[in-house]
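Sequence first, predicted model second:
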Amino acid sequence: VAGLGNYGLRGTRHSVGMAVLDRLARQLEVANGWRADRRCCADVALAAAHGLELVLLKPRRLMNLNGLSVASAAEIYSLRPEDIYLVHDDLDKALGKVAFKLGGSARGHNGVRSCISALHSNEMTRLRVGIGRP
């Protein structure tokens with residue numbers, strides 16, 4: 001599960017993917033387990049839920065380069081694109097509204113575009129979190 005955002009701009013609406021990952025880590029009781037992984041240039045926490053092993057990932061790159069971290073982590077943890085969930089902001093959704101999307105285009109989102117390019121696939125599931133338009 002990758003929370004897309006701008007690492008240096010945490011707390012902004014465009015980095016809501018990382019905030020969702022922080023909340024998920026707290027709920028899974030692994031919030032103290034975040035560690036910097038230089039191999040994929042990201043903060044990583046490992047968790048288990050409902051019999052699944054999860055890799056939580058917060059790229060330490062700018063949004064338009066998040067895909068490099070996601071692709072590196074996919075290689076390290078032997079994940080296929082269809083195993084990956086991307087959590088990211090969506091300007092076209094009202095603030096706080098969420099929707100799942102399976103595959104498809106990036107719809108103008110630079111972080112998703114970067115992931116599609118780096119993974120050579122668009123088969124990732126996306127959790128789109130509404131941030132509304134200013």
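That came through fine. Residues are numbered from 1 along each chain as shown.

any idea how far Asp89 lies from Val44?
21 Å (C-beta to C-beta, to the nearest Å). In short, each C-beta sits where N, CA and C put it, glycine included.

The two: who's more crowded?
Between Asp89 and Val44, counted using other C-beta atoms under 10 Å, Asp89 has the larger neighbour count: 23 against 19.

Phi and psi next, for the more buried one.
Torsion angles at Asp89 (phi, psi; degrees, to the nearest 10) stand at phi -70, psi 150.

and it, what does it touch?
Counting by C-beta atoms under 8 Å, 6 or more residues apart in numbering, Asp89 touches 4-5, 13-17, 109, 128-131.

In the one helix or strand Val70 maps to, which of the residues would be classed as buried?
Element membership for Val70, per DSSP states H and E: helix 66-76. The neighbour-count check on helix 66-76 (16 or more other C-beta atoms under 10 Å) flags 66-74 as buried.

swap in stretch 108-122?
109-116, 118-119, 121-122.

got it, and stretch 18-28?
Those would be 18-22, 24-25, 28, for stretch 18-28 by 16+ other C-beta under 10 Å.

Sitting in helices, which of the residues you listed do you find?
18-22, 24-25 (DSSP state H).

What segments of this structure are helices?
16-27, 66-76, 110-119.

So for stretch 70-84, mean pLDDT?
Mean per-residue pLDDT for stretch 70-84: 98.

how far does it stretch from start to finish?
Using C-alpha to C-alpha, to the nearest Å, one end of stretch 70-84 lies 9 Å from the other.

Mind listing residues that contact that stretch?
In contact with stretch 70-84 (C-beta under 8 Å, 6+ apart) are residues 1-2, 37, 39-42, 44, 55, 57, 59, 86, 114-115, 118-119, 121-125.

doesn't Asp90 make contact with Gly96?
No - shown here, Gly96 and Asp90 do not form a contact pair, counting by C-beta atoms under 8 Å, at 11.0 Å.
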